[in-house]
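>>> Provided below are the primary sequence and the corresponding predicted coordinates.
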Amino acid sequence: MVDENVGLTVTYNRLKDPACTEPRILELRKLHEEMDQKVLEAYAEGDADGRWLDLAVPPFCPMNDADKKKLEAFEDGVIDRLFVLNAKRAEEEKLAGLGPKQKGAKAKEPASKGTKSAANTGKETKAAGKAPASDAAAATATDAPAAVVGATPAKKRKGKKVDPAQASLLGSEGDEE
């Protein structure tokens, strides 16, 4: 990049261009594939049930239709596994009392009685040079894992059946449209 005085956009356009066979670009593609494999290994370490290592890392730059199908299968597999992992973690948080507040649950008391919290006034965050968090933003940040439990796995979205082992973790058969 420095040698040719080009930025990230030019570099990544070259990276995704099958016609580009520059040695440094080929090396960068290889590094991306290695990084994808390491990410799968990291997920596998923390989620033994997820079958992360069953996924084959495709070429970073698909050169033909077969490579494109491998990439699509890889992306679908990752999305489906993340969906299942998210559902499992949301359930764990719920059981630990960390999930979204239930209807009728009492709100937490402010840190000191008689004053509004930073989330309500924004004074403390403004003083620190940060934008104040709205109640909705604060709830979204703490409830994020549970918030996407209702999302749809990639294979089901595309009209394909969800892996039965993964669907059983979600409490559905995965073949409903």
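Cool, the structure landed. Numbers count the residues shown, from 1 in each chain.
>>> Could I get the full set of helices for this structure?
8-16, 23-46, 65-95, 118-121, 123-127, 135-147, 154-157, 164-170 (DSSP state H).
>>> which stretch in those helices is the model least sure about?
Least confident of those, judged by mean pLDDT, is helix 135-147 with a mean of 37.
>>> Now for residue 33, how many residues are close by?
15 (other C-beta atoms under 10 Å). Every C-beta, even on glycine, is put in place using the N, C-alpha and C of the backbone.
>>> Sorry, wrong one. I was asking about residue 6.
A count of nearby residues for residue 6, using other C-beta under 10 Å, gives 12.
>>> measure it to residue 22 for me?
Distance of residue 6 to residue 22, given as C-beta to C-beta, to the nearest Å: 11 Å.
>>> same check, this time on residue 13
Separation of residue 13 from residue 22 (C-beta to C-beta): 12 Å.
>>> again with residue 83
Taking C-beta to C-beta, one finds residue 83 at 37 Å from residue 22.
>>> more crowded one of these two?
The residue with more neighbours, out of residue 83 and residue 22, is residue 83; 23 against 12, by other C-beta under 10 Å.
>>> Tell me the spacing between that one and residue 48.
17 Å.
>>> Likewise for residue 87?
16 Å.
>>> same question, residue 79
Taking C-beta to C-beta, one finds residue 79 at 19 Å from residue 48.
>>> Counting neighbours, go ahead and name the busier of the two.
With neighbours defined as other C-beta under 10 Å, residue 79 and residue 48 compare such that residue 79 has more, 16 against 9.
>>> Tell me how far that one lies from residue 55.
With distances taken as C-beta to C-beta, residue 79 is found 11 Å from residue 55.
>>> How about residue 45?
Distance, residue 45 to residue 55, using C-beta to C-beta: 14 Å.
>>> what does residue 9 give?
29 Å.
>>> Could you check which of the two is surrounded by more residues?
residue 55 (21 against 8).
>>> Can you list phi and psi of that one for me?
With angles defined as degrees, to the nearest 10, residue 55 sits at phi -80, psi 130.
>>> Give me the residues contacting stretch 58-73.
15, 16, 17, 18, 29, 30, 32, 33, 36, 56, 74 (C-beta atoms under 8 Å, 6 or more residues apart in numbering).
>>> again, 6 Å this time
Stretch 58-73 has contacts (C-beta atoms under 6 Å, 6 or more residues apart in numbering) with 16, 18, 29, 32, 33, 74.
>>> residues of that stretch that come out buried?
58, 59, 60, 61, 62, 70, 71 (16 or more other C-beta atoms under 10 Å).
>>> Put the alpha carbons of that stretch into CSV.
Written as CSV, here are the backbone C-alpha positions of stretch 58-73 (Å, rounded to 0.1, in the frame of the first residue of the first chain):
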residue,chain,number,x,y,z
PRO,A,58,-13.5,-21.1,1.2
PRO,A,59,-11.1,-19.2,-0.9
PHE,A,60,-11.2,-15.5,0.1
CYS,A,61,-11.6,-14.5,-3.6
PRO,A,62,-14.0,-16.9,-5.4
MET,A,63,-12.6,-17.6,-8.8
ASN,A,64,-15.5,-19.7,-10.2
ASP,A,65,-19.0,-20.9,-9.5
ALA,A,66,-17.8,-23.7,-7.3
ASP,A,67,-15.8,-21.3,-5.1
LYS,A,68,-18.9,-19.0,-4.9
LYS,A,69,-21.0,-22.0,-3.7
LYS,A,70,-18.4,-22.8,-1.1
LEU,A,71,-18.4,-19.2,0.1
GLU,A,72,-22.2,-19.2,0.3
ALA,A,73,-22.2,-22.4,2.3
